[in-house]
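Peer 1: After the sequence you'll find the predicted model.
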Amino acid sequence: MDTIDGKILMQLQKNAKQNTKEIAAKVGLSVTPTYERIRKLEQQEIIRSYVALVDRNRIGKELIAYCQVTLSEQQKKIADSFKKEILLLPDIMECHQVSGNFDYLLKIAVDDIAGFHKFLNEKLSIIGGISTIHSSFVLDSVKDSTAYNI
C-alpha cells in the first residue's frame with residue numbers, strides 16, 4: 001500500500017458512492033489504474049465492505065450506552081461462551097476485549113432508557129459467566145467518526 005492507495009481509501013471513506021472517475025480525479029490518476037487499485041484493495045481485504053451510515057436518531061436509536069463487563073472467571077470456556085452470546089444480540093454495535101479493570105467494552109444502541117433497561121435485564125444480564133456490568137450513557141457526541149486516518 002502506498003500514498004495513492006491511502007488517498008483512494010480516504011475518498012472511499014468519505015463517500016463510497018463516488019464512481020471511479022470521481023475518485024481518480026481527486027487522487028491524480030486515470031480511471032483504469034484507480035479501478036485496478038480499488039480491486040486490489042478489495043482482494044487484499046483492506047476494503048472489507050461498503051456500508052450506509054445511518055442517522056441513529058432518525059431510526060429511533062436515541063440512546064447509546066457503553067457497558068463495561070467483567071467475567072466471573074478468566075477461563076477460555078466462559079470467554080468463548082460469552083462471545084457467542086454477544087454475537088446473537090443485534091443491539092450490541094461493538095464488543096471489544098480490553099485490558100484494565102474490566103474484560104469487555106460493549107457499545108449498545110437502543111431506543112431509550114426503558115429499552116436499555118429491558119435489554120439489560122432480559123438479554124445481557126442473563127448471559128452466563130458475567131460477574132459485573134457497569135453502564136455509562138452518551139449525553140453528547142463531540143466526535144463520531146468511522147473513518148481511519150490513512
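Peer 2: Cool, got the structure.
Peer 1: which residues in the chain form strands?
Peer 2: Counting by DSSP state E, residue ranges of the strands within the chain are 63-71, 92-97, 104-110, 130-137.
Peer 1: measure the residue in the chain sticking out farthest from the centre to residue 121 for me?
Peer 2: In the chain, counting by CA atoms, centre = their mean, residue 30 sits farthest out from the average C-alpha position, at 32.8 Å. The gap separating residue 30 from residue 121 is 58 Å, by CB to CB, to the nearest Å. (Glycine included, C-beta is placed from N, CA and C.)
Peer 1: Tell me which stretches of this structure form helices.
Peer 2: Taking DSSP state H, the helices of the chain run over residues 3-14, 20-27, 31-43, 76-87, 113-119.
Peer 1: domains for the chain, by residue range?
Peer 2: Per automatic domain parsing, the domain ranges recorded for the chain read 3-43, 57-137.
Peer 1: of these, which approaches residue 49 most closely?
Peer 2: domain 3-43 (9.4 Å; CB to CB).
Peer 1: How far away from the center of its chain is that closest one?
Peer 2: Centroid displacement of domain 3-43 relative to its chain, using CA atoms, centre = their mean, to the nearest Å, is 23 Å.
Peer 1: got any ranges where the protein has weak pLDDT?
Peer 2: Counting by pLDDT under 70, the chain shows no low-confidence range.
Peer 1: Nearest the middle, which residue of it would you pick?
Peer 2: residue 94 (5.2 Å).
Peer 1: how close does that one sit to residue 104?
Peer 2: For residue 94, the distance to residue 104 - CB to CB - is 10 Å.
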